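Enquirer: can't give you the sequence, but here's the structure:
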């Protein structure tokens, strides 16, 4: 029983990692556009729009605060990646 559940988690983790990397690829494309048009990597209003959106999508069991923390970390690491690559 536990092993079956762990296999489910492993399968979900593979999907999450794939989705995070797809998200990062799109963000890097955005970073290229920002660089091309001499725009700042940081867009606070867009970041808040993303946070607001994911909280609206959140159906639990994570709290809105937990989802916010997760996405703030994703956004921070994405900005780091953009700075390194773009």
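Expert: Thanks, I have it. Note that the structure is predicted; figures quoted are calculated from it, not measured. Numbers count the residues shown, from 1 in each chain.
Enquirer: Could you give me the buried positions within the longest helix along the chain?
Expert: Identified as the longest helix of the chain according to DSSP state H is helix 2-36. Across helix 2-36, burial judged by 16 or more other C-beta atoms under 10 Å covers 24, 27, 28, 30, 31, 34. Every residue, glycine included, has its C-beta placed from N, CA and C.
Enquirer: Surely the first one touches residue 79?
Expert: Read that as residue 24. No - using C-beta atoms under 8 Å, residue 24 is not in contact with residue 79; the gap is 10.7 Å.
Enquirer: Name the helix or strand for the residue nearest to the spatial centre of the chain, please.
Expert: Of all residues in the chain, the one closest to the mean position by C-alpha atoms, centre = their mean is residue 74, 4.0 Å from it. Per DSSP states H and E: residue 74 is located in helix 64-85.
Enquirer: Tell me which other helices or strands that helix touches.
Expert: Packing contacts for helix 64-85, counted by 3 or more C-beta pairs under 8 Å, 6 or more residues apart in numbering; DSSP states H and E, involve helix 2-36, helix 44-57.
Enquirer: Torsion angles phi and psi at residue 37?
Expert: Per-residue torsions, residue 37: phi -100, psi 10 (degrees, to the nearest 10).
Enquirer: and the gap between it and residue 72?
Expert: Residue 37 sits 26 Å away from residue 72, going by C-beta to C-beta, to the nearest Å.
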